[in-house]
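Trainee: predicted coordinates and the sequence they were generated for:
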Amino acid sequence: MSQTHQLQLQRFELKYVVPETTALKVRDFVRSYLEIDEYGEGQPDFSYPVHSLYLDSDLLTIYWGTINGNKNRFKLRLRFYEDAPRAPVFFEIKRRMNDAILKQRGGVKREAVDWILAGHLPKLEHVASKNPKDLVALQRFSSLMKEYHAIPKAHIAYMREAWVSPHDNSLRVTIDRHVRCCPEPTALLRTEMHNEAVVFGKQAVVELKFTGRFPNWLRELVRVCGLTQGSAAKYADGIALMGEYLFEGRRARRETLGTHPDRYANRAVVLQQS
């Protein structure tokens with residue numbers, strides 16, 4: 001089983017922020033139906049580290065799309081799992097179209113990251129795999145990045161426990177712990193973080209991800225574990241918690257404070273209501 005095989009290009013997501021005791025109940029329930037993915041097998045808490053560098057404009061246009069609850073919105077991020085210089089980096093576009101999640105993802109060699117972020121179209125030799133869909137995803141990422149003047153803004157990291165179907169990629173349950181956020185204006189792609197905030201405190205984020213109908217046993221999981229669906233946008237919640245002024249461009253901060261001095265007040269409350 002490979003990570004690429006398990007990538008769900010189009011799916012539905014249900015999210016729940018829960019205490020650790022509930023997360024352990026979820027694990028005990030799903031292990032009767034799913035298997036731990038290969039990257040968590042044999043690891044403490046069955047978990048592996050996930051790091052993402054999120055891109056946005058100086059006005060945080062993509063962030064505000066989440067805050068405002070736009071029906072059709074997207075995120076641009078670079079996903080990586082380690083510091084090794086030969087480890088690939090995945091450029092991802094994650095779209096929400098009404099209730100569906102659509103993902104495009106293309107892996108590149110790490111030495112090509114600066115080239116693509118500088119606005120150049122990726123070359124065939126930059127792509128980590130021979131799948132033509134990867135090159136298409138990279139080209140679309142580059143187009144959106146230039147259209148929105150998106151640059152590195154935030155480093156999001158967490159430990160992921162992932163349970164997958166042994167038959168196909170139609171179902172995936174993840175438990176994300178110790179979600180952290182810090183400003184990151186560079187593309188150094190380091191796993192080390194500085195002055196980070198823990199976004200959800202000691203709580204975990206449980207996500208049910210499925211491509212077809214919602215299985216009856218997942219309904220039973222929600223009932224037995226007492227899960228209440230809610231918002232858990234790691235990037236948006238992280239910025240709201242720390243304050244937009246830490247991530248906006250200097251000019252954007254000056255203009256915002258001059259015309260909307262109350263804009264930064266109670267952003268986490270607004271996010272919960274969106």
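Mentor: Good, I have the coordinates. Numbers count the residues shown, from 1 in each chain.
Trainee: switch to C-alpha atoms for all contacts and neighbour counts from now on
Mentor: Noted.
Trainee: for stretch 93-104, measure first residue to last.
Mentor: End-to-end distance for stretch 93-104, by Cα to Cα, to the nearest Å: 5 Å.
Trainee: gap between that stretch and the chain center?
Mentor: The chain centre lies 12 Å from the centre of stretch 93-104; the measure is Cα atoms, centre = their mean, to the nearest Å.
Trainee: do the same with stretch 87-94
Mentor: 11 Å.
Trainee: low-confidence stretches in the stretch 1-150 of the chain?
Mentor: Applying pLDDT under 70 to the stretch 1-150 of the chain flags the ranges 1-9.
Trainee: now the helices for it?
Mentor: Remark: helices assigned in the stretch 1-150 of the chain by DSSP state H, counting those that start in this stretch are 3-6, 20-30, 61-67, 113-117, 132-147.
Trainee: let me have those in a markdown table, extended by distance to Asn216.
Mentor: Formatted as a markdown table, the helices of the stretch 1-150 of the chain follow (distance: least, Cα to Cα, whole Å):
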| stretch | distance to Asn216 |
| --- | --- |
| helix 3-6 | 22 |
| helix 20-30 | 12 |
| helix 61-67 | 30 |
| helix 113-117 | 43 |
| helix 132-147 | 33 |
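Trainee: in CSV: the ones you listed, plus distance to Arg190 and mean neighbour count.
Mentor: Putting these into CSV (distance: least, Cα to Cα, whole Å; neighbours: other Cα atoms under 10 Å) gives the following:
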stretch, distance to Arg190, mean neighbour count
helix 3-6, 21, 11
helix 20-30, 28, 16
helix 61-67, 22, 19
helix 113-117, 13, 17
helix 132-147, 21, 18
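Trainee: looking at the ones you listed, which is nearest to Thr228?
Mentor: helix 20-30 (11.4 Å; Cα to Cα).
Trainee: for the closest one, name the packing helices and strands.
Mentor: Helices and strands touching helix 20-30, by 3 or more Cα pairs under 8 Å, 6 or more residues apart in numbering; DSSP states H and E, are strand 204-210, helix 216-225.
Trainee: and the ones you listed, which is most packed in?
Mentor: strand 204-210 (a mean of 22; mean count of other Cα atoms under 10 Å).
Trainee: now it against helix 216-225, angle please.
Mentor: 160 degrees (axes from the mean of the first three to the mean of the last three Cα atoms, to 10 degrees).
Trainee: okay, and the beta partners of the closest residue to Asn72 other than its chain neighbours?
Mentor: Once flanking residues are discounted, Asn72 sits nearest to Met97: 4.7 Å by Cα to Cα, 6 or more residues apart in numbering. Met97 forms beta bridges with Asn72, Ala100, as assigned by DSSP bridges.
Trainee: isn't Met97 right next to Lys71, touching?
Mentor: Yes: Met97 is in contact with Lys71 according to Cα atoms under 8 Å; the separation is 6.3 Å.
Trainee: what about the residue lying closest to Arg79 once chain neighbours are set aside, how many neighbours?
Mentor: Nearest residue to Arg79 in three dimensions, chain neighbours excluded: Ser52, at 4.4 Å (Cα to Cα, 6+ apart). By other Cα atoms under 10 Å, 25 other residues sit near Ser52.
Trainee: what of Asn131?
Mentor: Asn131, neighbours per other Cα under 10 Å, totals 11.
Trainee: thinking again about what came up before, and the residue nearest to Asn72, how close does it get to Ile156?
Mentor: Met97 is 23 Å from Ile156, by Cα to Cα.
Trainee: verify the stated contact: the residue nearest to Arg79 with Arg77.
Mentor: Yes: using Cα under 8 Å, Ser52 makes contact with Arg77 at a distance of 6.1 Å.
Trainee: that concludes my questions; thank you for your assistance.
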